[in-house]
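S.K.: can you look at this prediction? I've put the sequence above it.
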Amino acid sequence: MKFRLSDRQVGVLFMLPLILAVGIFLVWPIAEAVRLSFVRYNPLRPDDQPFVGLDNYVFVLEDPLFWESFWQAIVWTGWSTVLQAVIGVGLALLLHQPLKGMNAFRGLLLFPYIVPTVVIALNWRWLFNSEIGIVNHLLLSVGVIDDKIAWLSTPSMAMASAIMLNVWKYTPFVVIVVLARLQTIPTELYDAARVDGAGVLRRFRDITLPQLAEVLAVVIVFRTIWTFNKFEEIYLLTRGGPGTSTYNLALYAFDQSIANLRMGVGAAAGVIMLVLLLAGSMLYIRVSGFGREDKAA
C-alpha cells in the first residue's frame, strides 16, 4: 500500500523548517524577554529569579536616563530615516537615467552597505578625529572652517556624526529598493505627461511619487525599526558619549543588562521598545494608507 500525501500536507511539510526557525529565533526570544521583564535576574546567580511583577517597568519608566535615551533615540532615528529616504530617492532617480557607465556606479553604491559596521565605525573615528582627522584637515584647507571641530567630543556634533555614519551606510538599501520600483513604472505614463506639457517637477509629483508611495512606506517602516534598534554603530563610534549625549534605548537596555547585571530591567526596556515600534509602525501604515488600494480593489 502506497502512502501518499495531499497537497496541503506537502505544503505543511515544506513550511515546517520555517515555522521551526521562527519559533526558535523569534518567538522564543520575545517570550523569554517578556518573562525576564517580570523577574529579578542576576546572571551571576541564575537560580535566583524572584517574581517582581511590574517593578522592572516602574524602575525603567522612573529612570531619567531612560527618557533621555528615548528622546535621543527619536532624534537619531528621525533624522537618519528622513535623510536616507530623501537622499536615497534622489540617488535612485539619478541612477535610473540611461547614461553611459551607470551600471558601474550602481555597483559602487553597494560598497557602504556591504562593509562591516565595525570597520566603518573605526574608520569614521579616525576620519572625524579632531586632531588628526582628514575631515577637519580638508575643511580647514578649503576655508570652510576657521578652527578644528571636535566631532566626537561635542554633544551636538557627536550625534550629527553618528547620524551621518548611519545615513552613509544604509542609504544604499533605500536606493536599491526605490530603483527597483522605478524600473517597473510604465514609460507610457511619462510619454503621455510630456505630450500634455508636464515638466520634470510635475512628472515627479504626479507620476513618480505616487508610484513610489507604497515602496517608500515599507522602506520607512523597515528603516525606522532597524535604526531605532541600532546598537553597534553608536557603541563603536561614541560609546553613547560624550556623557550620555548619544545614548539611545538600545544602549540603555545593553548597559542595564550587561554592565549593571540587571537582566530584568534590560528586558523590560526591550519590551517597551518592542511596543513602541509596533504601535508606531501600525500608526504610520494606517496614516500613510499603505495597502488601501488593494483593499478597495
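M.R.: It's in.
S.K.: how about low-confidence regions in the protein?
M.R.: For the chain, the stretches with pLDDT under 70 are 1-3, 5, 289-297.
S.K.: now with 80, please.
M.R.: Applying pLDDT under 80 to the chain flags residues 1-9, 99-103, 285-297.
S.K.: do you know how far L139 is from L127?
M.R.: Per Cβ to Cβ, to the nearest Å, L139 is found 12 Å from L127. Heads up, the C-betas are built off the backbone N, CA and C, glycines and all.
S.K.: again, but for P242
M.R.: 18 Å.
S.K.: try F173
M.R.: 22 Å.
S.K.: what sits against the nearest residue to G133 once chain neighbours are set aside?
M.R.: In space, and not counting its chain neighbours, G133 is closest to L127: 5.4 Å by Cβ to Cβ, 6 or more residues apart in numbering. Contact partners of L127, counting by Cβ atoms under 8 Å, 6 or more residues apart in numbering, are 133-135.
S.K.: distance check, L127 against P116.
M.R.: According to Cβ to Cβ, L127 stands 16 Å off from P116.
S.K.: and what of Q9?
M.R.: Going from Q9 to P116 by Cβ to Cβ gives 43 Å.
S.K.: repeat for L261
M.R.: Counting by Cβ to Cβ, the gap from L261 to P116 is 29 Å.
S.K.: settle it for me: which of these two has more neighbours?
M.R.: Per other Cβ atoms under 10 Å, whichever of L261 and P116 has more neighbours is L261, with 14 against 9.
S.K.: the more buried one reaches P43, doesn't it?
M.R.: Yes: between L261 and P43 there is a contact under Cβ atoms under 8 Å: 6.2 Å.
S.K.: which SS class is Q97?
M.R.: coil (DSSP: H, G, I helix; E, B strand; the rest coil).
S.K.: any idea whether W226 is helix, strand or coil?
M.R.: With three-state DSSP as the criterion, W226 reads helix.
S.K.: give me the number of residues near it?
M.R.: Neighbourhood size, W226 [other Cβ under 10 Å]: 16.
S.K.: ok, now which ones touch it?
M.R.: Contacts for W226 (Cβ under 8 Å, 6+ apart) come out as Y170.
S.K.: how near is it to A259?
M.R.: If you go by Cβ to Cβ, the gap between W226 and A259 works out to 24 Å.
S.K.: also W28?
M.R.: Remark: distance between W28 and A259 (Cβ to Cβ) = 25 Å.
S.K.: and V200, by the same measure?
M.R.: Separation of V200 from A259 (Cβ to Cβ): 53 Å.
S.K.: swap in R202?
M.R.: Going from R202 to A259 by Cβ to Cβ gives 55 Å.
S.K.: same thing with A269?
M.R.: The gap separating A269 from A259 is 13 Å, by Cβ to Cβ.
S.K.: looking at the two, which has the bigger crowd around it?
M.R.: Between A269 and A259, A269 has the larger neighbour count (other Cβ under 10 Å), namely 30 against 10.
S.K.: so the more buried one touches A250, yeah?
M.R.: No: contact between A269 and A250 fails when scored by Cβ under 8 Å: they sit 9.0 Å apart.
S.K.: how many residues are close by V60?
M.R.: Residues lying near V60 (other Cβ under 10 Å) number 26.
S.K.: how far out from the middle of the chain is whichever helix or strand it is part of?
M.R.: Element membership for V60 (DSSP states H and E) is helix 55-61. Centroid separation for helix 55-61 versus its chain: 26 Å, with Cα atoms, centre = their mean, to the nearest Å.
S.K.: tabulate the CA atom coordinates of that helix in CSV.
M.R.: Presented in CSV, the C-alpha positions along helix 55-61 are these (Å, rounded to 0.1, in the frame of the first residue of the first chain):
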residue,chain,number,x,y,z
ASP,A,55,8.8,46.6,39.4
ASN,A,56,11.2,46.5,36.5
TYR,A,57,8.9,48.5,34.3
VAL,A,58,8.4,51.0,37.1
PHE,A,59,12.2,51.3,37.5
VAL,A,60,12.6,52.0,33.8
LEU,A,61,9.8,54.5,33.5
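S.K.: can you pull the contacts of E32?
M.R.: So E32 contacts nothing (Cβ under 8 Å, 6+ apart).
S.K.: wasn't it part of a helix?
M.R.: Yes: assessed by three-state DSSP, E32 belongs to a helix.
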